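In: quick check, what structure comes out for this input:
(one chain, ligands or ions: 2)
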Amino acid sequence: MSTIHKAACIGGGVIGGAWVARFALAGIDVKIFDPHPEAERIIGEVMANAERAYGMLTMAPLPPKGKVTFAKSIEEAVEGADWIQESVPERLELKRGVLNQIDAAADPKALIGSSTSGLMPTDLQRDMKHPERLFVAHPYNPVYLLPLAELVGGQKTSRAVLEDAKAKLAPIGMKGVIINKEIEAFVGDRLLEAVWREGLWLIKDDICDTETLDDVIRYSFGMRWAQMGMFETYRIAGGEAGMRHFLAQFGPCLSWPWTKLTDVVDLNDELVAKIADQSDAQSGARGIRELERIRDQNLVGIMHALKAGDDGKGWGSGKLLADFEAHLWAKAGKAKVEVSAAEPLRLLDTKVNAAWVDYNGHMTEHRYLQLFGDTSDALLRLIGVDFDYVEAGHSYYTVETHIRHLGEGKLGQALYTTLQLLSSDAKRLHFFTRIHDAATGDVIATAEQMMVHVDSKAGKSVEAPAEVLAKIKPIAEAHATLPMPEGAGRSVGQKRT
Ligand SMILES: NC(=O)C1=CN([C@@H]2O[C@H](COP(=O)(O)OP(=O)(O)OC[C@H]3O[C@@H](n4cnc5c(N)ncnc54)[C@H](O)[C@@H]3O)[C@@H](O)[C@H]2O)C=CC1
Ligand SMILES: C[N+](C)(C)CC(=O)CC(=O)[O-]
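Out: Ligands and ions are numbered 1, 2, ... in the order given. Sure, this is the predicted structure:
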């Protein structure tokens, strides 16, 4: 698999800082050059929000975080890098100067991506000595969560470079889409600019205020667009006759006065003040980092929902997340778990993250089940029941769970889980899992569970194969000597009088 070994980020503002987080959280060392006097603080804050978001996004084993260092010059930053991402302000002359400097100092084989939102790559690469490796890699904010990068080549960009860039983005959880032809603002910003322009008119003409306009988006088509794009959505809107009927019905609207798109609004001081004041009234009570955290948590929730889409196969960005997680599990290899007769298996280490906390201010009940499920998944991987095994048509299904809540999990609290095998046979695994407070070792919850080995295609229980049973045997033998856990075999309730 084609991978990035070392990255350089030139410019570490809103977008550059989030590229740094994307690279570092994928385990890639990053060197940054940004002359801003507060660059380290700003990137540190973006990094903290990104780490918080990844804590919510996935339980898959992220690689050790890449080293993030600051260079004193472009030359120092790009030394040894095989992917260099330019994210300086959107001014052609400035970008050209920076890209020429990168080009002169970098390894000639290093890929150079520009974050530009709309400048043509042909214009950017004009004076470069190795222009074939320059392309636009246009991301979306926040880069560490939104997976898309539009890959756009200029006249001198090699097609192989675009393909290589696309391949190198996959292992960091991103989807590179190669755009056929260069055009200002590419595809995404062409669409966004159209909506933005129309929005400015609606505010200027007092049709609505910024809050109403945002509500119209987020309670309606904004939700649709997260899961299907424009054409698939409108195909459904055409009813059983699909897109042809949709076009026949709504095509005539194109000639109605529904849009002012051909007129550009005059963004004068008066309109700027009007929009800024309305935006302050709408969102000014919260700081930008707080808004970022709210946005990130919502985006994570959307991706989780989409991961379960299409009957669990995953859909759109959720399917991409599932693929990324499978890649992380495969890369991490088999976890080294100590099988001992002295204690249960320690299978999972985690922290209570913000999305797990409910209105009572502590970890909400279904997150306990999630941790118990993640722990039993870790047991299954240990005995060879991994993604390939499940794909081939067999698995273990949970048939019974009894959870006891003995303490609280608070935001940020470090936890670990342990699992004791109580009994097993050719079909069944019966085990007892504890969630511990990592600081004290105290048990805050337990679950007793039974799993049955199944032929998932036939939909019936069957005996596990010899190689799986052979891996269960040493665990069963070791755990046979452990005392029966307090609480095992309990049922819910009190005696009826
Ligand atoms: N903000 C957004 O939503 C998006 C922005 N982009 C693109 O990303 C690029 C950067 O935009 P933002 O991050 O929003 O701007 P920004 O203003 O937040 O950051 C730009 C950074 O570049 C630094 N810088 C200025 N001159 C430099 C130089 N000579 N060498 C190194 N660093 C230098 C600045 O100190 C600043 O930290 C632009 O091309 C923009 O079009 C792309 C997608 C979304
Ligand atoms: C406003 N913008 C043109 C810089 C936006 C983008 O380029 C993409 C995004 O994140 O919306």
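In: list the contacts of the residue of the chain found nearest ligand 2.
Out: Closest to ligand 2 within the chain is S117: 3.4 Å, counting by C-beta to the nearest ligand atom. For the C-beta atoms, the positions are set from N, CA and C on the backbone; glycine is no exception. With contact taken as C-beta atoms under 8 Å, 6 or more residues apart in numbering, S117 is in contact with 90, 138, 185, 189.
In: could you pick out which of these are near ligand 2?
Out: Subset of the contacts of S117 in contact with ligand 2: D189, counting by C-beta under 6 Å from any ligand atom.
In: by neighbours, which of the contacts of S117 wins?
Out: Counting neighbours by other C-beta atoms under 10 Å, H138 leads the contacts of S117 with 25 neighbours.
In: which residue packs closest to that residue, ignoring adjacent ones?
Out: In space, H138 comes closest to E150 once its chain neighbours are excluded; the distance is 4.2 Å by C-beta to C-beta, 6 or more residues apart in numbering.
In: state the number of residues packed around the one you found.
Out: 20.
In: buried residues, the one helix or strand R235 maps to. List them.
Out: Using DSSP states H and E, R235 sits within helix 230-237. Of the residues in helix 230-237, those buried by neighbour count under the rule 16 or more other C-beta atoms under 10 Å are 234-235.
In: list the contacts of it.
Out: 191, 221, 224-225, 228, 242-243, 246, 250.
In: what does stretch 389-408 give?
Out: By C-beta under 8 Å, 6+ apart, the list of residues contacting stretch 389-408 from outside reads 362-363, 365, 368-369, 372-373, 376, 380, 385, 429, 437, 442-457, 462, 464-465, 487, 490-492.
In: number of nearby residues for R244?
Out: Using other C-beta under 10 Å, R244 is surrounded by 10 other residues.
In: pretty sure it is touching G238, no?
Out: Yes. Between R244 and G238 there is a contact at 6.9 Å, judged by C-beta atoms under 8 Å.
In: just the pLDDT for the most centrally placed residue in the chain.
Out: Of all residues in the chain, the one closest to the mean position by C-alpha atoms, centre = their mean is L145, 4.4 Å from it. Listed pLDDT for L145 reads 98.
In: which helix or strand contains the closest residue to it other than its chain neighbours?
Out: Spatial nearest neighbour of L145, excluding adjacent residues (C-beta to C-beta, 6+ apart): L299 at 5.0 Å. Taking DSSP H and E as the definition, L299 sits inside helix 288-307.
In: so how far is F372 from W83?
Out: 39 Å (C-beta to C-beta, to the nearest Å).
In: if you could redo that for I383, that was the one I meant.
Out: From I383 across to F372, the span is 17 Å (C-beta to C-beta).
In: re the thing from before, my read: the residue nearest to the centre of the chain touches A53, true?
Out: Yes. Using C-beta under 8 Å, L145 is in contact with A53, at 5.8 Å.
In: so what sits against both of those two?
Out: Common neighbours of L145 and A53 (C-beta under 8 Å, 6+ apart) are 296, 299-300.
In: just send those residues back as TSV, with pLDDT, neighbour count and distance to D323 too.
Out: Below are the shared contacts of L145 and A53 laid out as TSV (pLDDT from 0 to 100; neighbours: other C-beta atoms under 10 Å; distance: C-beta to C-beta, whole Å):
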residue	pLDDT	neighbour count	distance to D323
D296	95	22	21
L299	96	18	18
V300	93	22	17
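In: so what touches the helix holding L299?
Out: With C-beta under 8 Å, 6+ apart, helix 288-307 has contacts from 45, 49-50, 52-53, 56-57, 142, 145-146, 226-227, 283, 286, 314-319, 321-322, 354-355.
In: out of these, which end up buried?
Out: 49-50, 52-53, 56-57, 142, 145-146, 226-227, 283, 314-319, 321-322, 354-355.
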